[in-house]
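**Student:** Provided below for reference: sequence and predicted model.
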Amino acid sequence: MNPTIKSKLPGLGTTIFTLMSALAAEYKAINLGQGFPDFMMSEELIALVNAAMKTGHNQYVHMHGLALLRERIAEKVESLYTTSINPDSEITITPGGTYAIYTSLTTVLQPGDEVIVFEPGYDSYIPNIEINGAVPVIIPLVYPGYTIDWALVKQKISAKTKMIMLNTPHNPTGSILGKADIEQLRVIVKDTGIFILSDEVYEHLVFDNQQHESMLRYPDLLERSFVCFSFGKTYHCTGWKIGYCIAPAAMMKEFRKVHQFNCFSCNSPVQFALADYLQQKEHYLQLGQQVQQKRDYFQQLMLQTKFKAFPSHGSYFQLYSYDSITEESEKDFATRLTKEYGVATIPLSAFYTDGTDNKILRFCFVKKESTLETAVNRLIKL
Ligand code: GLN
């Protein structure tokens, strides 16, 4: 008899990002679906990786991550958020942001624990909660601004609530947390044993001179937070799969127990290169403005189409409603757009467990201007 697997995630299919990117490739469509840039990353950073390899930095670095890289991250955190982080005990380098999120959840969750999670939300969160035997308590973001209803959060907190998951700037909506959100959060978690997981992979992609409300700014929040970051999003190299997690030492100690027998340590030459490159602050300080220009350019072009924009305050993404074009479901329309018009997007329903369908698609605008122009020229035909 062949062994059979009793699935730990019985209802789960393949992530929408893989599906839409495969469909885009099959139909040679312009891919405004999965979030990645189509322009060249820094040649200098590539050269630094190459130099690190040639210098002989090709063996394991410390399982927590290269010490120099962790020191440089701590310096960056100090200068951006005036928070002092211990690079030895409070930072771990991870193979990407999604891994850091999974590891944080696995570190904390016991079967039956409840996790407050918002929808629409990045599609890894809920499976990551469920594979740990924990229970997602799903709260809808308030349409159309996709803000958090804090009164509802308060109502949903129970004796079993172990964690609240936050994401700012937000994938897929481009909303961001403001000061008022932080104040509400502080009141809610004060004197509780609730952890926070904060997905801040789009940390530098905040537009219109607004401030990124990192958990790292607030000691009373940071003392209970795992904060997850991505170098891929910051340096236009999503395929490098390298990021990091910051958490207080006692929490990080447990995180590292999970990490050490899963990934153990990340790609070493990339870490040497990043440690060097991080010293040039202008690269991450200018990023918000650079990407904002892309948002504005795309938004301007899209005025020629029947799609209606939702505001995007940060991230790689902007939502567009198509309710004046067709009544098709988001999945059907996104599929037809890819096959017949040659533009791939992500249906917003993929970010809801109940398939909520408001006739909205997510577009990634972090692309060359020529790519955005070609895509919009196709969308005009609708
Ligand atoms: N974060 C990216 C997005 O939302 C995708 C990451 C992935 O495909 N795992 O498009």
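**Tutor:** It's in.

**Student:** measure the spatially most central residue of the chain to the ligand for me?
**Tutor:** For the chain, Val201 is the residue whose C-alpha lies nearest the centre (Cα atoms, centre = their mean; 4.7 Å). According to Cβ to the nearest ligand atom, to the nearest Å, Val201 and the ligand sit 7 Å apart. Bear in mind the C-beta positions are built from the backbone N, C-alpha and C, glycine included.

**Student:** burial count for the closest residue to the ligand within the stretch 51-200 of the chain?
**Tutor:** Closest contact between the stretch 51-200 of the chain and the ligand, by Cβ to the nearest ligand atom, is at Asn171 (5.0 Å). The number of residues packed near Asn171 is 25, by other Cβ atoms under 10 Å.

**Student:** work out for me the element the nearest residue to it once chain neighbours are set aside sits within.
**Tutor:** Leaving aside its chain neighbours, Asn171 sits nearest to Tyr122 (5.0 Å; criterion: Cβ to Cβ, 6 or more residues apart in numbering). Under the criterion DSSP states H and E, no helix or strand holds Tyr122.

**Student:** rewinding a little: thought Phe317 was touching the residue of the stretch 51-200 of the chain closest to the ligand, still the case?
**Tutor:** Yes. Using Cβ atoms under 8 Å, Asn171 is in contact with Phe317, at 6.2 Å.

**Student:** overlap in contacts, those two.
**Tutor:** Common contacts of Asn171 and Phe317 (Cβ atoms under 8 Å, 6 or more residues apart in numbering): Gly35.

**Student:** enumerate the residues of the stretch 1-150 of the chain near the ligand.
**Tutor:** Taking Cβ under 6 Å from any ligand atom as the contact definition, the stretch 1-150 of the chain meets the ligand at Phe17, Gln34, Gly35, Thr98.

**Student:** mind putting those in TSV, neighbour count and secondary structure included?
**Tutor:** TSV is the format used below for these (neighbours: other Cβ atoms under 10 Å; DSSP: H, G, I helix; E, B strand; the rest coil):
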residue	neighbour count	secondary structure
Phe17	17	helix
Gln34	20	coil
Gly35	22	coil
Thr98	21	helix
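
**Student:** those residues of the stretch 151-300 of the chain touching the ligand, which are they?
**Tutor:** Asn171.

**Student:** that older thread, thought the residue nearest to the centre of the chain was touching Gly243?
**Tutor:** Yes. With contact defined as Cβ under 8 Å, Val201 counts as touching Gly243 (6.9 Å).

**Student:** overlap in contacts, the two.
**Tutor:** Listed as contacting both Val201 and Gly243 by Cβ under 8 Å, 6+ apart are Gly97, Cys228, Phe229, Ser230.

**Student:** could you single out the nearest of those to Phe118?
**Tutor:** Cys228 (15.6 Å; Cβ to Cβ).

**Student:** secondary structure class for the closest one?
**Tutor:** Classification of Cys228 using DSSP: H, G, I helix; E, B strand; the rest coil returns strand.

**Student:** what's the local residue count around it?
**Tutor:** Cys228 has 27 neighbours, counted by other Cβ under 10 Å.

**Student:** which residues does it contact?
**Tutor:** 94, 97, 100-101, 104, 197-201, 243-245.

**Student:** the same query, at a cut-off of 7 Å, please.
**Tutor:** Going by Cβ atoms under 7 Å, 6 or more residues apart in numbering, Cys228 touches Gly97, Ala100, Ile101, Ser104, Ser198, Asp199, Glu200, Val201, Gly243, Cys245.

**Student:** coming back round to it: how close does the residue of the stretch 51-200 of the chain closest to the ligand get to Ser312?
**Tutor:** Distance from Asn171 to Ser312, counting by Cβ to Cβ, to the nearest Å: 11 Å.
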